[in-house]
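Colleague: Got a sequence here, can you model it:
(chains A, B and C)
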Amino acid sequence: MARRIVLSSDDGPSRSVENLTIDYRGDLNEQQFDAATTGSGPTLVIAGAGTGKTRTLIYRMAYLVETGTKPESVVLLTFTRRAAREMTSRAADLLDGRCQRVQGGTFHAFCLGVLRRHAPTIGFPRNFTVLDAADAGDVISVLRADGNYDQGEERFPQKRTLYSMFSAVINRQEPLDEVLARRYPQFSPLYDGLEQMRQDYQAYKKSHGMMDFDDLLYRTLELFAADDGVRREVAGRCRHVLVDEYQDTNALQAELVKQFASVHGNVMVVGDDAQSIYRFRGADFRNIFAFPEEFDDTQVLKLEQNYRSTQVILDLANHVIDNADRSYEKTLFSHRDVPDAELPAVVPAADGQMESRFVAQMILRLRESGVPLHEQAVLFRSSHNSYELETELNKRNIPFVKYGGMKLSEAAHIKDVLAHLKVAENPQDAAAWNRALQLIHGIGPKTAKSLIEWATNEADDPFVHTDNAPFSNRYISQLKKLLGTLRSIRDPDMPLVEQVESVIDYYRPIFEDEYYEDYPKREPDLDHFIGLSENYSSRRDFLSSLALDPIELTALDNDGEHEDEPPLVLSTIHSAKGLEFHTVFIIRALEGDLPSRYALREKGGVDEELRLFYVAVTRAEDNLFISYPMTQYRRYQGEYMTDPSRFIVDVPEDTLEPVQLVEETEAQEDDQPLLGGDTPAALGSGDSEQTSASAPKQLGDGSDSASRADTETSREYDPRDVDGLPF
DNA sequence: GCCACCACCGACATC
DNA sequence: CGGTGGTGGC
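Modeller: Modelled structure (predicted):
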């Protein structure tokens, strides 16, 4: 390697902050200040939950820019694109517009930018398709139908499973036989077929110009290895690398950090080993312990002072995490002085329906007492855990947005539209062809396959109808329409919105036929999709952006209707990472759900679930309710007793207070039974004035919310009802 | 031979 | 509410 001459940077040797526009000392505590204003070189910041990690990174960005680093040469790698956007724009507010030009995004998005510029170096076209997990599954299905990997085995893995196996090989850098032995022992006997399939999958993506999420990382490293000039150029533009959520990086990402920092050596990673919750996608929290070994002279800083939660909530969090293995010792202490802070409560409900009613009613009461809906969140282990609650919320007209559920681009009808756009973008995309073709009446798997072969291999121009194509009269007229539509939208001068509209015009009759039972419900999504495309200048950007930054389906439902009242948040714990709420409900705290039954199979699985629970607990600022149903119903099994989560049993009552739900019996109203807590514990802490305002005060002045409360929920505000509560 | 339709089973978290 | 597997019909 060439000799390096390091020029001293513009921030200079002095750590003087006196002449800067931002008051770093005044705005930050001492630990935060040290992290934000440290000099160059590798730095590891261990930051507990709620300790101002984000704030510190924002001030760090501002500090770097203010002391002379060009914003374009600062790279901020975050876990979601949303996080990057928020942080750069907050830094921009703090200083001046300049921080907006900081390069920020996920590893995947950053690598995508590099690969778009240099793909040909490693044998990919520049317009390669980005496969999301579902697309990757489709490709694997196509392969499976072609090849003879399963040898008639009865229990060959599902495409989802196949994809996660192949993914683990890449992003953990572990051979397939080891992955099988560790996670899928039941499929170890199929090793030969699986390994063959995995290699075919890799080759297929390359020959068809496709990259899945792992490829974006892996191929970037391949590119750097293939052409050191590219590495130097990219790393040369990374004067300072900042990495958020470092505990959730995988082996490839850790290596990428090294490469990005290989020219300037300035890298600051921030993370919390206690919050590592992405092992399933290859994250290895040991990266955070290995960091000081990978980078010589690493400076290790800690943030321990919590600004988010009350001390009683932190007591529970500390109690929880004490049971986990970890090495960076830290105990969170609160900086918030809240007299009479409510203890976290554990709330058993008779069944799921009662649990949902409890959560819904409590949310409304808190809203009455002044906690807006969007300051409250319901968290759960997996997306389907909230179905029952969603029904209840809909019944009561409580607006909510759900994170971690179905994505817009996962809805079948949106995938249909996307397939057409993908074919236009990359005519080699066999999986997209497959989907688009099979929508045509008369074309099934076999016909589609021969048409795809023709389109991707033999045809000079697959969008022009020629006589040597294997067409049959059964579907010819519809196929001509398809090819005509695709040909027209490939016109480079056609604006993206018109392309999307043109595809939808073609698709609409198919859509109404395919989803004849419920297409009116799906129809608005198509309009949203058109609207979304207006924000993008090219089809290519639009498609990769949708893959890397999927949009929550429920986030679209609520616009307009509830403008004056931002909605309640429902979220998987994973999607709630980095967020905070006045009140948090953790529902379905059950053995089998949290910890998940799948986690129990694997070594270290329960610890990961414990960290997940810890993340959920530490989202709460003031109120925390952990509830579970005591009975459940399952088909063929009938009603059975559940076991409460191991994470909440045996917690002392002065740390986690039991609350009993009681159906109101006197003056009972037909279909709206009411709740109240009446255990001694509940009454003991019980006469806070918070909810005692008996006259329901309306939030906002919207007639919408007022009338809703009158008609639908006013009975919930009956003072009788409020009296029995432990608040 | 191939496609369309109907009955079933099973369901984790995400860039 | 998805994928999948069986069967009848063209």
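
Colleague: which ones are touching the residue in the stretch 101-250 of chain A that DNA strand B sits nearest to?
Modeller: Relative to DNA strand B, the nearest point of the stretch 101-250 of chain A is residue A:106 (3.2 Å; CB to the nearest atom of the strand). In this view, the C-beta of every residue, glycine as well, is placed from N, C-alpha and C. By CB atoms under 8 Å, 6 or more residues apart in numbering, the contact set of residue A:106 is A:77, A:78, A:79, A:80, A:81, A:84, A:548.

Colleague: ok, now residue A:353?
Modeller: Counting by CB under 8 Å, 6+ apart, residue A:353 has contacts A:388, A:392.

Colleague: In a helix, it, correct?
Modeller: Yes - counting by DSSP: H, G, I helix; E, B strand; the rest coil, residue A:353 is found in a helix.

Colleague: Please convert the contacts of residue A:106 to TSV, extending it with neighbour count and secondary structure.
Modeller: As requested, the contacts of residue A:106 are exported to TSV (neighbours: other CB atoms under 10 Å; DSSP: H, G, I helix; E, B strand; the rest coil):
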residue	neighbour count	secondary structure
A:77	28	strand
A:78	25	strand
A:79	18	coil
A:80	18	coil
A:81	16	helix
A:84	21	helix
A:548	18	helix
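
Colleague: ok, so of those, who is nearest residue A:393?
Modeller: Comparing the contacts of residue A:106 against residue A:393 with CB to CB places residue A:80 closest, at 24.9 Å.

Colleague: Would you mind measuring from that closest one to residue A:505?
Modeller: 34 Å (CB to CB, to the nearest Å).

Colleague: cool, and residue A:301?
Modeller: From residue A:301 to residue A:505 the distance is 57 Å (CB to CB).

Colleague: Which of the two has more residues huddled nearby?
Modeller: Between residue A:301 and residue A:505, counting by other CB atoms under 10 Å, residue A:301 is the more crowded of the two (18 against 10).

Colleague: Wait, that one touches residue A:36, no?
Modeller: No - the pair residue A:301 and residue A:36 does not pass the contact test of CB atoms under 8 Å, sitting 10.0 Å apart.

Colleague: Can you tell me how far the closest residue to DNA strand B within the stretch 201-350 of chain A is from residue A:223?
Modeller: Closest contact between the stretch 201-350 of chain A and DNA strand B, by CB to the nearest atom of the strand, is at residue A:280 (3.3 Å). For residue A:280, the distance to residue A:223 equals 27 Å [CB to CB].

Colleague: Of these two, give the one with the bigger neighbour count.
Modeller: It is residue A:223, of residue A:280 and residue A:223, that has more neighbours when counted by other CB under 10 Å, with 22 against 16.

Colleague: what sits against that one?
Modeller: Shown in contact with residue A:223 (CB under 8 Å, 6+ apart): A:114, A:115, A:118, A:121, A:122, A:230, A:231.

Colleague: please redo it, this time with the cut-off set to 6 Å
Modeller: A:118, A:121, A:122, A:230 (CB atoms under 6 Å, 6 or more residues apart in numbering).

Colleague: Would you agree the first one falls within a helix?
Modeller: This points to residue A:118. Yes - read with three-state DSSP, residue A:118 is one of the residues of a helix.

Colleague: quick one: which of the contacts of residue A:223 is nearest to residue A:171?
Modeller: Taking CB to CB as the measure, residue A:171 lies nearest residue A:122 of the contacts of residue A:223, at 18.0 Å.

Colleague: list the helices and strands the lengthiest strand in chain A packs on?
Modeller: Identified as the longest strand of chain A according to DSSP state E is strand A:620-629. Secondary-structure packing of strand A:620-629 (3 or more CB pairs under 6 Å, 6 or more residues apart in numbering; DSSP states H and E): strand A:345-349, helix A:352-368, strand A:581-586.

Colleague: between the last one and helix A:352-368, how big is the angle?
Modeller: To tie it back to what came earlier, the one meant is strand A:581-586. Taking axes from the mean of the first three to the mean of the last three CA atoms, to 10 degrees, one finds strand A:581-586 and helix A:352-368 inclined to each other by 170 degrees.

Colleague: Please report how far the closest residue to DNA strand B within the stretch 301-450 of chain A lies from residue A:474.
Modeller: At 2.4 Å from DNA strand B, residue A:444 is the closest residue in the stretch 301-450 of chain A, using CB to the nearest atom of the strand. Using CB to CB, we find residue A:444 at a distance of 10 Å from residue A:474.

Colleague: which stretches of the stretch 251-400 of chain A form strands?
Modeller: For the stretch 251-400 of chain A, strands defined by DSSP state E, counting those that start in this stretch occupy the ranges A:267-271, A:299-303, A:305-306, A:333-334, A:345-349, A:376-380, A:400-403.

Colleague: Return the residues of chain A in contact with DNA strand B.
Modeller: Of all the residues in chain A, those in contact range of DNA strand B (CB under 7 Å from any atom of the strand) are A:79-81, A:106-109, A:133, A:164, A:213, A:278, A:280-281, A:381-384, A:403-404, A:438, A:441-448, A:548, A:550, A:572, A:574-575, A:596, A:598-599.

Colleague: Weed out the non-buried ones from those.
Modeller: When the residues of chain A next to DNA strand B are checked for burial by 16 or more other CB atoms under 10 Å, the buried set is A:79-81, A:106-109, A:133, A:164, A:213, A:278, A:280-281, A:381, A:383, A:403-404, A:438, A:443, A:447-448, A:548, A:572, A:574-575, A:596, A:599.

Colleague: Just these: which are in helices?
Modeller: Using DSSP state H, the subset of these located in helices is A:81, A:107, A:108, A:109, A:133, A:164, A:213, A:438, A:447, A:448, A:548.

Colleague: Go ahead and flag the most central residue of chain A.
Modeller: Central residue of chain A (CA atoms, centre = their mean): residue A:575, 4.6 Å from the mean position.

Colleague: Tell me the spacing between that one and residue A:381.
Modeller: In terms of CB to CB, residue A:575 sits 11 Å off from residue A:381.

Colleague: Residue A:217 too?
Modeller: Distance from residue A:217 to residue A:381, counting by CB to CB: 27 Å.

Colleague: One more: residue A:395?
Modeller: Computed as CB to CB, the residue A:395 to residue A:381 distance reads 24 Å.

Colleague: now residue A:607
Modeller: Remark: distance between residue A:607 and residue A:381 (CB to CB) = 15 Å.

Colleague: what do you get for residue A:509?
Modeller: Residue A:509 sits 41 Å away from residue A:381, going by CB to CB.

Colleague: just the strands in the stretch 51-200 of chain A please.
Modeller: A:74-78, A:103-106, A:129-131.

Colleague: Using CSV, lay out those strands together with mean pLDDT.
Modeller: What follows is the strands of the stretch 51-200 of chain A, written out as CSV (pLDDT from 0 to 100):
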stretch, mean pLDDT
strand A:74-78, 95
strand A:103-106, 92
strand A:129-131, 91
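
Colleague: So which of those strands is nearest residue A:354?
Modeller: Comparison of the strands of the stretch 51-200 of chain A against residue A:354 by CB to CB identifies strand A:74-78 as nearest, at 39.4 Å.

Colleague: List the pairing partners of that closest one within its sheet, with orientation.
Modeller: Strands that pair with strand A:74-78, judged by DSSP bridges, come out as strand A:103-106 (parallel), strand A:240-243 (parallel).

Colleague: Deepest in the core, which of those strands is it.
Modeller: Among the strands paired with strand A:74-78, strand A:240-243 has the highest mean neighbour count (mean count of other CB atoms under 10 Å), at a mean of 25.
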